[in-house]
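> Could you work out the structure for the sequence below:
(chains A and B)
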Amino acid sequence: ILNVEQSPQSLHVQEGDSTNFTCSFPSSNFYALHWYRWETAKSPEALFVMTLNGDEKKKGRISATLNTKEGYSYLYIKGSQPEDSATYLCASERGSNYKLTFGKGTLLTVNP
Amino acid sequence: GAVVSQHPSWVICKSGTSVKIECRSLDFQATTMFWYRQFPKQSLMLMATSNEGSKATYEQGVEKDKFLINHASLTLSTLTVTSAHPEDSSFYICSANVGPGEQYFGPGTRLTVT
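Predicted structure coming up:
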């Protein structure tokens, strides 16, 4: 694949549920995979930058895994809270030129 | 953390006029800034790379004469949409590159051309 694809486009979960979403990206010329959290009217906030195949990163209740050979990354949220409601973006960086190719994002809504 | 501001946050202009959007890094210097735009239900698309003290480089399909980029200092890049038309209505967002894997985004500017 040449584009960055994210699924699902949106999902609604209940407070306390755990959830995960997927990012698929071109595996050729891979340099890094970025995850951002974007709340309405705010700046996208960097969550993770991942570079190594098999890498797993964690920040509080959020974690991410990376498979560069097959070109996918998963983002997991454990025990979702209403404040986790946001759009989660992934972006592929191919070659070390800092240019990012974004997916369309996954809109997460956590219902209290 | 690194903060990037954009001004204005939204703007409405008439067809044929020009609009300038500012992107500032508030507490750090950035030799490289990026400009993206996002159409409804689409992904953020890179428009151009703005380098301090040199000409911007534009992505394929982006008109450099229409989208003028100036990066006159290490904390400010501007994007001017010249002779704006309704099809230029979009969400424009900038980012500042600090180093490998470190790119900080502004909150974006919503442009509506009537």
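
> Show me what counts as buried in stretch B:101-114.
For stretch B:101-114, the neighbour count (16 or more other Cβ atoms under 10 Å in any protein chain shown) marks B:101, B:103, B:104, B:105, B:106, B:107, B:108, B:109, B:110, B:111, B:113 as buried. Where C-beta positions appear, they are placed from N, C-alpha and C, glycine not excepted.

> Give me the nearest residue to the last one, chain neighbours excluded.
Read it as residue B:113. Nearest residue to residue B:113 in three dimensions, chain neighbours excluded: residue B:84, at 4.5 Å (Cβ to Cβ, 6 or more residues apart in numbering or on different chains).

> can you check residue A:30 too?
Using Cβ to Cβ, 6+ apart, the closest residue to residue A:30 is residue A:68 (5.0 Å).

> What are the boundaries of the strands in the chain?
If you meant another chain, say so; for now it's chain A. A:5-7, A:10-14, A:19-24, A:30-38, A:45-50, A:56-59, A:62-67, A:72-77, A:86-94, A:100-102, A:106-111 (DSSP state E).

> The intended chain is chain B.
Under DSSP E, chain B gives strands at B:4-7, B:10-13, B:19-25, B:32-38, B:45-51, B:57-58, B:67-73, B:76-81, B:90-99, B:102-105, B:109-113.

> Make JSON lines out of the ones you listed and add mean pLDDT.
Shown next, in JSON lines, are those (pLDDT from 0 to 100):
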{"stretch": "strand B:4-7", "mean pLDDT": "96"}
{"stretch": "strand B:10-13", "mean pLDDT": "97"}
{"stretch": "strand B:19-25", "mean pLDDT": "97"}
{"stretch": "strand B:32-38", "mean pLDDT": "96"}
{"stretch": "strand B:45-51", "mean pLDDT": "94"}
{"stretch": "strand B:57-58", "mean pLDDT": "95"}
{"stretch": "strand B:67-73", "mean pLDDT": "92"}
{"stretch": "strand B:76-81", "mean pLDDT": "96"}
{"stretch": "strand B:90-99", "mean pLDDT": "93"}
{"stretch": "strand B:102-105", "mean pLDDT": "91"}
{"stretch": "strand B:109-113", "mean pLDDT": "97"}
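
> What distance do you get for residue A:107 to chain B?
Going from residue A:107 to chain B by Cβ to the nearest Cβ, to the nearest Å gives 11 Å.

> and that residue, how many residues sit next to it?
Residues lying near residue A:107 (other Cβ atoms under 10 Å in any protein chain shown) number 17.

> For it, list each beta-bridge partner.
With DSSP bridges as the criterion, residue A:107 is bridged to residue A:10, residue A:87.

> Could you check how far it is from residue A:88?
8 Å (Cβ to Cβ, to the nearest Å).

> ok, for the residue in chain A that chain B sits nearest to, nearest residue in space, not its chain neighbours?
At 3.8 Å from chain B, residue A:49 is the closest residue in chain A, using Cβ to the nearest Cβ. Residue nearest to residue A:49 in three dimensions, not counting chain neighbours: residue B:101, with 3.8 Å by Cβ to Cβ, 6+ apart.

> hang on, the earlier thing: hmm, the residue nearest to residue A:30 is touching residue A:31, no?
No - contact criterion Cβ atoms under 8 Å: residue A:68 and residue A:31 do not qualify, at 9.7 Å.

> More neighbours: which of the two?
Remark: of residue A:68 and residue A:31, residue A:68 carries more neighbours, 19 against 16, as counted by other Cβ under 10 Å.

> circling back to that earlier point, number of nearby residues for the residue nearest to residue B:113?
Neighbours around residue B:84, by other Cβ under 10 Å: 22.
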